[in-house]
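1. Sequence below, structure please.
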Amino acid sequence: MRTLAPFLAVTLALCGCSAERPESAAEADVVEPRTATMSELDPFSFDALIPRGRAGGREAGAGRSRAVANPVESLTATPSPVAGAATEPAAHPAAELTAVPAAMSTAGPAALDETRRHAGGGEPLAGEATTVDEGLSRAVEGAVATALQRARKASKGKVHGDNTVVSVMAIDASTGRILVQRLSEFPLVPASNLKLMTAAAALAELGAEGAFVTEFLIAATVVDGVLQGDLVVRAGGDPMHSREGDGSLARWLDPLAEALGQRGIRRVEGALVLDEGQWLEPGPGPMWPASSQHWRDYCGLAGGFSANGGCFRATVTPGAAGARAGVVLRPRHHGLTRKGSVTTAGSRVAVNVGANRGGVTVRGKIKAGSRPYVAEFSHPDPVELFGEAAVGGLADRGLIIEQGYRRARGVVLEEPVERVAELRTPITSVMQAILLDSNNPVADQLFLATGAAVSGAGTREAGANAVRASLARLGLNTRPLVQVDGSGLSKANRATAQQLAALVAAVIHQGGVMRTAILDALPVAGRTGKLAGRMRGTAAEGRVRAKTGWVKGASGLSGVAETAQGEEVVFSILVGYPLVDGLNTAAWKPMQDEICVALAGWAGDGAQKGAQKGAQR
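-> Below you'll find the predicted structure:
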């Protein structure tokens with residue numbers, strides 16, 4: 001039996017759930033041991049955050065001005081309904097979705113005083129606790145001021161503190177005390193930081209042993225190795241993606257062919273029927289990038305069925321000078337016409353790829369002697385890709401499906417129904433693809449599968465409702481959250497730095513598989529993923545694990561920093577700014593790195609460890 005820290009019972013109405021816990025929550029003082037499936041979560045309430053007092057017992061925030069009106073209240077509004085966006089049940093009116101209006105999605109408060117304008121809104125909002133660690137406060141404000149100066153210069157004055165929001169939240173994970181709180185209640189576009197919520201909610205709902213499950217059913221007889229009818233597949237949302245693989249589906253098709261063979265099925269007279277049930281029709285999400293980008297791998301679609309995360313993987317290997325280069329396209333069976341070829345010529349790699357209903361193209365030139373060139377790009381329909389790959393892959397293994405595949409919904413089979421095969425992919429196996437590689441379609445598949453597990457519908461709305469319910473069970477306030485996908489690709493998404501920092505703290509608090517699966521999959525500063533080249537040679541190297549995120553007009557970094565004393569500081573840094581190219585590299589990433597270095601160098605009790613090296617710029 002585990003006793004919670006006293007601060008968990010305190011209600012300060014900062015960034016946690018309401019004082020009234022969900023009915024299923026354990027009592028505040030004692031929590032019964034959790035089952036292996038995590039069906040009973042241990043709510044981690046960040047209503048319980050306690051501002052860290054200053055040296056000498058001075059009250060945190062004493063003497064700080066609170067005269068500025070709360071711009072969040074004046075700039076936020078309930079958004080117009082967005083297809084797939086979650087809305088709170090009528091029984092919970094306090095949890096209505098709020099988001100900044102479209103016109104303000106990347107703009108900051110306009111009614112701030114001169115100091116706040118040039119600092120990007122450094123003064124706390126009304127009702128928001130002041131920054132409670134002076135050393136970290138100075139470090140954060142200095143980093144923000146420098147970043148805004150860089151942004152103003154790089155954008156030739158188009159981006160500045162008057163139209164930019166920099167939101168920061170940092171919490172001592174062991175005590176729940178706020179270390180930094182800067183515009184942290186402002187709903188901003190979280191970009192790929194939203195994947196943290198998708199991953200945590202899936203683990204909370206599906207459990208440590210949760211899996212994508214794809215069932216193969218028959219209701220016809222098998223005579224002399226021939227199934228005299230259809231082979232029906234129930235959608236399970238499996239992305240069938242292996243981050244270490246080459247895009248082939250052998251990992252799934254080999255056991256499938258073996259299971260069917262053990263049942264005595266060597267040929268199917270009917271079709272492979274893909275029952276999509278209540279899963280959504282694959283298509284771009286609301287406020288996704290322009291259609292000209294939909295061929296890119298980050299715009300891969302999701303649905304009840306998928307293969308290789310809904311994407312192609314092309315590997316181009318140069319041959320002798322002037323000869324054709326070798327092109328391997330996976331999945332091998334995809335249903336589209338192959339177009340183009342690649343010649344071994346020229347002084348560089350210039351290969352164009354893309355796919356649409358008209359065909360799949362791989363064409364261009366590759367320099368002789370160069371390394372193989374690998375490109376990933378989306379298939380126009382993940383369900384059709386699965387159907388083609390399954391029928392063709394089984395044929396390669398000697399099992400013929402005479403009528404190919406066909407799509408259907410709500411297939412009813414006459415009894416007796418027999419399950420002849422089942423494919424299971426653990427959800428923990430996709431965490432690195434989602435958090436380390438930031439794979440969008442895999443994250444969207446997990447998002448939809450979570451919705452299907454909870455409500456039976458693999459839709460955006462069901463997924464968003466499932467995430468909200470899961471986060472509420474973990475103790476988070478979900479009121480400002482707007483979610484229309486699992487990846488964070490959509491600019492319709494909204495979250496706050498408070499929510500993201502509180503989420504990371506909740507993950508740490510839960511421990512076990514949830515902590516391991518998520519934290520171990522996050523990029524590590526100076527070591528792995530999209531942080532591999534950042535913060536090298538600083539106090540943060542090897543000690544910051546965080547999810548990166550960027551879409552045009554929004555940048556984010558959320559995770560945990562381990563101090564030299566072994567303390568864990570959870571944090572979230574979100575930026576909303578006008579749509580000007582190049583600023584993530586010129587201003588926001590260096591700022592995030594500088595803040596992370598300060599957090600990793602924090603020595604506790606209001607003091608900051610003197611890190612000798614600044615963030616790598």
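
2. And what about Thr343, helix, strand or coil?
-> Using DSSP: H, G, I helix; E, B strand; the rest coil, the structure places Thr343 in strand.

3. Against Arg330, how distant is it?
-> According to Cβ to Cβ, to the nearest Å, Thr343 stands 21 Å off from Arg330. The C-beta positions use only the backbone N, C-alpha and C, and glycine is treated the same way.

4. Which one's more surrounded, these two?
-> More crowded of Thr343 and Arg330, by other Cβ atoms under 10 Å: Arg330, with 21 against 16.

5. what sits opposite the more buried one in the beta ladder?
-> As for beta bridges, Arg330 partners with Arg313 under DSSP bridges.

6. what's near enough to touch it?
-> Contacts for Arg330 (Cβ atoms under 8 Å, 6 or more residues apart in numbering) come out as Asp246, Gly247, Ser248, Asn308, Phe312, Arg313, Ala314, Thr315.

7. one more time with 10 Å, if that's ok
-> 245-250, 307-308, 311-315, 376, 389 (Cβ atoms under 10 Å, 6 or more residues apart in numbering).

8. can you tell me how far it sits from Asn356?
-> 18 Å.

9. tell me which element Ser248 falls in.
-> Using DSSP states H and E, Ser248 sits within no helix or strand.

10. who's in contact with the residue of the chain most remote from its centre?
-> What lies farthest from the middle of the chain is Asp224; by Cα atoms, centre = their mean that is 48.1 Å. Listed by Cβ under 10 Å, 6+ apart, the contact set of Asp224 reads Gly264, Arg266, Arg267.

11. Just the buried ones from those residues?
-> The neighbour count (16 or more other Cβ atoms under 10 Å) marks Arg266 as buried among the contacts of Asp224.

12. could I get the contacts of Asp224 as JSON lines with distance to Arg296 and pLDDT?
-> Shown next, in JSON lines, are the contacts of Asp224 (distance: Cβ to Cβ, whole Å; pLDDT from 0 to 100):
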{"residue": "Gly264", "distance to Arg296": "44", "pLDDT": "97"}
{"residue": "Arg266", "distance to Arg296": "40", "pLDDT": "97"}
{"residue": "Arg267", "distance to Arg296": "39", "pLDDT": "98"}
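
13. I'd like to know which of the contacts of Asp224 is nearest to Leu471.
-> Gly264 (47.1 Å; Cβ to Cβ).

14. How many residues are close by Ala421?
-> As a burial measure, Ala421 scores 21 neighbours (other Cβ under 10 Å).

15. helix or strand for it, which one?
-> strand 418-426.

16. Which residue comes closest to Lys491 once chain neighbours are left out?
-> Using Cβ to Cβ, 6 or more residues apart in numbering and skipping residues adjacent in sequence, the residue nearest Lys491 is Met287, 4.4 Å away.

17. Which phi and psi values does the one you found adopt?
-> Phi and psi for Met287, reported as degrees, to the nearest 10, are phi 60, psi 40.

18. just the one 3 residues further on next, same as before
-> Backbone geometry at Ala290, expressed as degrees, to the nearest 10, gives phi -60, psi 150.

19. dump the residue contacts of the residue nearest the centre of the chain.
-> The residue lying closest to the centre of the chain (Cα atoms, centre = their mean) is Lys195, at 1.5 Å. Shown in contact with Lys195 (Cβ under 10 Å, 6+ apart): 431, 434-435, 438-440, 442-444, 446-447, 485-488, 518, 521-522, 547-549, 558.

20. switch to 6 Å and redo it
-> Contact partners of Lys195, counting by Cβ atoms under 6 Å, 6 or more residues apart in numbering, are Ile434, Ala443, Gly488.

21. any chance of these in TSV, plus pLDDT and neighbour count?
-> Shown next, in TSV, are the contacts of Lys195 (pLDDT from 0 to 100; neighbours: other Cβ atoms under 10 Å):
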residue	pLDDT	neighbour count
Ile434	98	31
Ala443	98	29
Gly488	98	30
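
22. Which of these fall in helices?
-> Ala443 (DSSP state H).

23. quick check, nearest of the contacts of Lys195 to Arg527?
-> Nearest to Arg527 out of the contacts of Lys195 is Ile434 (Cβ to Cβ; 18.4 Å).

24. Surely that closest one touches Gln445?
-> No: counting by Cβ atoms under 6 Å, Ile434 does not reach Gln445; the two are 9.4 Å apart.

25. residues near Gly326, how many?
-> Neighbour number of Gly326 under other Cβ under 10 Å is 14.

26. which residues touch it?
-> Contacts of Gly326 (Cβ under 6 Å, 6+ apart): Thr317.

27. For it, give me phi and psi.
-> Backbone dihedrals for Gly326, given as degrees, to the nearest 10, come out at phi -80, psi 130.

28. Beta-bridge partners for it, please?
-> Beta-bridge partners for Gly326, by DSSP bridges, are Thr317.

29. how close does it sit to Arg363?
-> From Gly326 across to Arg363, the span is 14 Å (Cβ to Cβ).

30. Check Cys311 too.
-> Distance, Cys311 to Arg363, using Cβ to Cβ: 18 Å.

31. for Arg182, same thing?
-> With Cβ to Cβ as the criterion, Arg182 and Arg363 are 50 Å apart.

32. Repeat that for Phe186.
-> 46 Å.

33. Then Gly529?
-> Applying Cβ to Cβ, the value for Gly529 to Arg363 is 31 Å.

34. With neighbour numbers in mind, choose between those two.
-> Gly529 (21 against 16).

35. if you skip the residues just before and after it, what's nearest to the more buried one?
-> Spatial nearest neighbour of Gly529, excluding adjacent residues (Cβ to Cβ, 6+ apart): Pro523 at 2.9 Å.

36. Would you agree that neighbour is in contact with Lys530?
-> Yes: counting by Cβ under 6 Å, Pro523 does reach Lys530; the two are 5.4 Å apart.

37. measure the closest residue to Asp437 other than its chain neighbours to Gly529 for me?
-> Spatial nearest neighbour of Asp437, excluding adjacent residues (Cβ to Cβ, 6+ apart): Arg243 at 5.9 Å. Remark: distance between Arg243 and Gly529 (Cβ to Cβ) = 11 Å.

38. still on that earlier bit, can you tell me which of the contacts of Lys195 is nearest Ala170?
-> For the contacts of Lys195, the residue nearest Ala170 by Cβ to Cβ is Gly488; the value is 21.1 Å.

39. That closest one touches Leu188, doesn't it?
-> No: using Cβ under 6 Å, Gly488 makes no contact with Leu188, being 11.4 Å away.

40. what's the single longest helix in the chain?
-> The chain, longest helix under DSSP H: helix 134-154.

41. elements contacting that helix?
-> Packing contacts for helix 134-154, counted by 3 or more Cβ pairs under 6 Å, 6 or more residues apart in numbering; DSSP states H and E, involve strand 178-182, helix 589-600.

42. Give me the buried positions along whichever helix or strand comes after the longest one.
-> Right, helix 589-600. The helix or strand immediately downstream of helix 589-600 is strand 602-604, counting by DSSP H and E. For strand 602-604, a neighbour-count test (16+ other Cβ under 10 Å) marks Trp602, Gly604 as buried.
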